[in-house]
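> Next one to model:
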Amino acid sequence: MTIFMTFRIALKALNRNKMRTALTMLGMIIGVGAVITMVALGNGAQVSIEQAVQSAGTNVIMVNSGNFSSGGVRQGQGMSNTMTPDDAVAIREVPGVQFLVETINNRGGQIVAGNQNWNTHVEGTNVDLPLIKNWPLESGQFFTPTDVLSASKVCVIGTTVKNMLFPDGGDVVEQIIRIGKHPFKIIGVLISKGQSSVGQDQDDVIYAPFTTVQKKMRGVTYIESMTVSAASADNIRQTSDAIAAVLRVRHKIQPGDSDDFMVRTLEDIAAMRTETTKTMTYLLASIAGVSLLVGGIGIMNIMLVSVTERTREIGLRLAIGARGGDVLMQFLVEAVVISLLGGSIGIGLGYGLSRGLTQFLQWPTYVSPQAVLVAFGFAAGIGIFFGFYPARKASALDPIEALRYE
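Below you'll find the predicted structure:
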């Protein structure tokens with residue numbers, strides 16, 4: 001019997017019990033759809049991380065205070081006050097360093113302009129920030145080295161802050177806003193960058209000289225972090241190692257002792273986040289894969305019922321010359337057809353759910369061709385694996401006993 005004829009007989013048999021066939025396929029549909037959706041969420045997160053790294057530049061190095069042990073407690077990022085502007089001066093002398101900005105944040109506080117107010121964060125930074133982040137201005141100018149040295153009360157704002165504080169529009173350069181109890185003059189507005197890959201509004205920020213935030217807002221002498229741009233992406237590892245060596249010497253850290261700072265490239269950060277995302281993707285896909293297993297068991301159950309119901313038919317086929325292999329192939333093809341049809345619909349369902357999550361919840365998703373092929377192959381494998389036993393049972397029936405079956 002040809003494979004074409006086997007498929008025709010299998011489709012006729014499945015069409016005879018449409019509702020049962022549909023319910024059997026439902027397990028595969030849900031299982032494949034769930035796996036595709038979970039993998040798409042994980043892939044989308046990985047793609048977002050990679051895009052964030054590419055947009056920020058592969059030659060960026062983050063230097064954060066913290067990462068030291070005190071009394072058995074490991075202090076995290078920003079939990080140390082040992083990093084100073086003098087450290088930044090020393091790091092600027094490291095070969096391979098192109099740009100550097102010191103960073104200190106002002107925690108909380110209302111921003112007031114006339115009768116409007118807005119709550120956002122103020123970040124103290126330096127003049128190299130637009131160069132590192134490749135962030136030009138919409139109007140005005142960025143603050144100058146003189147503004148940093150003199151701790152001037154000037155600031156550059158994002159477009160979200162501009163729209164919230166000045167809803168009437170117009171030029172806001174030279175306008176005065178109050179940050180807490182301190183008046184600041186707006187000298188520039190950054191062009192809009194929109195949301196980051198993790199959903200954060202990049203335009204909802206105010207930048208001021210880090211010395212102003214240090215001395216006049218926070219009353220401290222330390223900085224919380226530095227962002228360094230290496231001259232070349234080829235020597236970023238050597239540059240980051242040299243920065244760490246300079247800081248260990250300046251902070252008098254003995255060999256074998258833990259650092260009181262963290263030096264990370266964006267590629268390191270992205271690798272850690274990607275690894276975490278992969279772990280979560282595998283976990284979610286494994287959980288969703290349980291429904292595939294349940295669907296396979298459902299296929300086996302239905303095929304066993306089908307073999308029992310069609311015992312006389314099987315006996316008649318064997319009596320008129322059909323071989324055991326033909327009967328085995330017939331029932332195996334039926335199981336595979338159920339799996340593949342359910343898997344195909346499940347792939348469509350998974351793609352639709354992924355698109356829905358992106359459109360309505362703004363969650364990044366990416367349905368890769370590899371995931372679709374794996375899901376389709378897995379569906380076929382489920383059909384073969386769980387369909388083999390019922391098919392083998394059918395092919396092993398004795399024709400005489402089968403014809404006598406009531």
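> All the helices of this protein, residue numbers only.
Ranges of helices in the chain, per DSSP state H, are 3-16, 18-56, 85-92, 129-133, 145-149, 159-165, 210-212, 236-250, 266-309, 311-319, 324-361, 369-395, 399-404.
> Let me have those in TSV, adding distance to residue 99, mean neighbour count and mean pLDDT as columns.
Where you see a C-beta, it was placed from the backbone N, CA and C, and this is true even at glycine. Putting the helices of the chain into TSV (distance: least, C-beta to C-beta, whole Å; neighbours: other C-beta atoms under 10 Å; pLDDT from 0 to 100) gives the following:
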stretch	distance to residue 99	mean neighbour count	mean pLDDT
helix 3-16	66	14	74
helix 18-56	13	20	77
helix 85-92	9	16	94
helix 129-133	5	19	89
helix 145-149	13	14	95
helix 159-165	24	20	94
helix 210-212	14	24	95
helix 236-250	12	17	91
helix 266-309	14	17	73
helix 311-319	78	18	76
helix 324-361	35	20	84
helix 369-395	39	18	81
helix 399-404	83	14	68
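> Looking at the ones you listed, which is nearest to residue 187?
Comparing the helices of the chain against residue 187 with C-beta to C-beta, the closest turns out to be helix 145-149 (8.2 Å).
> Pull the distance from that closest one to the chain's centre.
In terms of C-alpha atoms, centre = their mean, to the nearest Å, the centre of helix 145-149 is found 39 Å from the chain centre.
> circling back to that earlier point, can you lay out the helices of the chain as TSV showing distance to residue 228?
Formatted as TSV, those follow (distance: least, C-beta to C-beta, whole Å):
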stretch	distance to residue 228
helix 3-16	64
helix 18-56	12
helix 85-92	7
helix 129-133	8
helix 145-149	17
helix 159-165	27
helix 210-212	15
helix 236-250	7
helix 266-309	11
helix 311-319	75
helix 324-361	35
helix 369-395	37
helix 399-404	79
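> mind checking which of those helices is nearest residue 190?
Nearest of these (C-beta to C-beta): helix 159-165, 7.0 Å.
> Can you tell me what sits against the closest one?
Applying C-beta atoms under 8 Å, 6 or more residues apart in numbering, the contact partners of helix 159-165 are 111-114, 116-118, 120, 138, 157, 172, 177, 189-192, 201, 203-206.
> Select only the buried ones of these in PyMOL?
To isolate the buried members of the contacts of helix 159-165 in PyMOL, using 16 or more other C-beta atoms under 10 Å:
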select buried, resi 111+112+113+118+120+157+172+177+189+190+201+203+204+205+206
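> Out of the contacts of helix 159-165, list just those in strands.
111-113, 116-118, 138, 157, 177, 189-190, 205-206 (DSSP state E).
> Among the residues you listed, which one lies nearest to residue 265?
Out of these, the member with the shortest distance to residue 265 (by C-beta to C-beta) is residue 205, at 23.2 Å.
> What residue, apart from its backbone neighbours, is nearest that closest one spatially?
Of all residues not flanking residue 205 in the chain, residue 158 sits nearest, at 4.7 Å (C-beta to C-beta, 6 or more residues apart in numbering).
> Residue 151 and residue 103: what is the separation?
According to C-beta to C-beta, to the nearest Å, residue 151 stands 16 Å off from residue 103.
> so how far is residue 120 from the residue nearest in space to the middle of the chain?
Centroid-nearest residue in the chain, with C-alpha atoms, centre = their mean: residue 45, separated by 1.5 Å. Per C-beta to C-beta, residue 45 is found 26 Å from residue 120.
> now residue 164: how far from residue 157?
10 Å.
> er, residue 93 actually
In terms of C-beta to C-beta, residue 93 sits 33 Å off from residue 157.
> next one: residue 304
70 Å.
> do the same with residue 379
Residue 379 is 54 Å from residue 157, by C-beta to C-beta.
> Residue 201 too?
Here residue 201 is placed at a distance of 13 Å from residue 157 (C-beta to C-beta).
> cool, and residue 248?
38 Å.
> now residue 257
As for residue 257, its distance to residue 157 is 42 Å (criterion: C-beta to C-beta).
> And residue 289, by the same measure?
On the measure of C-beta to C-beta, residue 289 and residue 157 end up 49 Å apart.
> Repeat that for residue 143.
Relative to residue 157, and taking C-beta to C-beta, residue 143 is found at 12 Å.
> any residues in contact with both of those two?
With C-beta under 8 Å, 6+ apart, residue 143 and residue 157 have common neighbours residue 188.
> hang on, the earlier thing: which of the helices of the chain sits closest to residue 229?
Shortest distance between residue 229 and the helices of the chain, using C-beta to C-beta, is found for helix 129-133: 4.7 Å.
> any idea how the chain splits into domains?
3-52+274-404, 83-250 (automatic domain parsing).
> closest one to residue 264 among those domains?
Closest among the domains of the chain, using C-beta to C-beta: domain 83-250, at 7.8 Å.
> what about the closest one, distance to the chain center?
27 Å.
> how long is that domain end to end?
From the first residue to the last, domain 83-250 extends over 10 Å; the measure is C-alpha to C-alpha, to the nearest Å.
> List the contacts of residue 240.
Residue 240 is in contact with 61, 230, 263-265, counting by C-beta under 8 Å, 6+ apart.
> quick one: which two of those residues are the most distant?
Pairwise over these, using C-beta to C-beta, the maximum falls at 230 and 264, 12.9 Å.
> Looking at the two, which is more packed in?
Per other C-beta atoms under 10 Å, whichever of residue 230 and residue 264 has more neighbours is residue 230, with 24 against 18.
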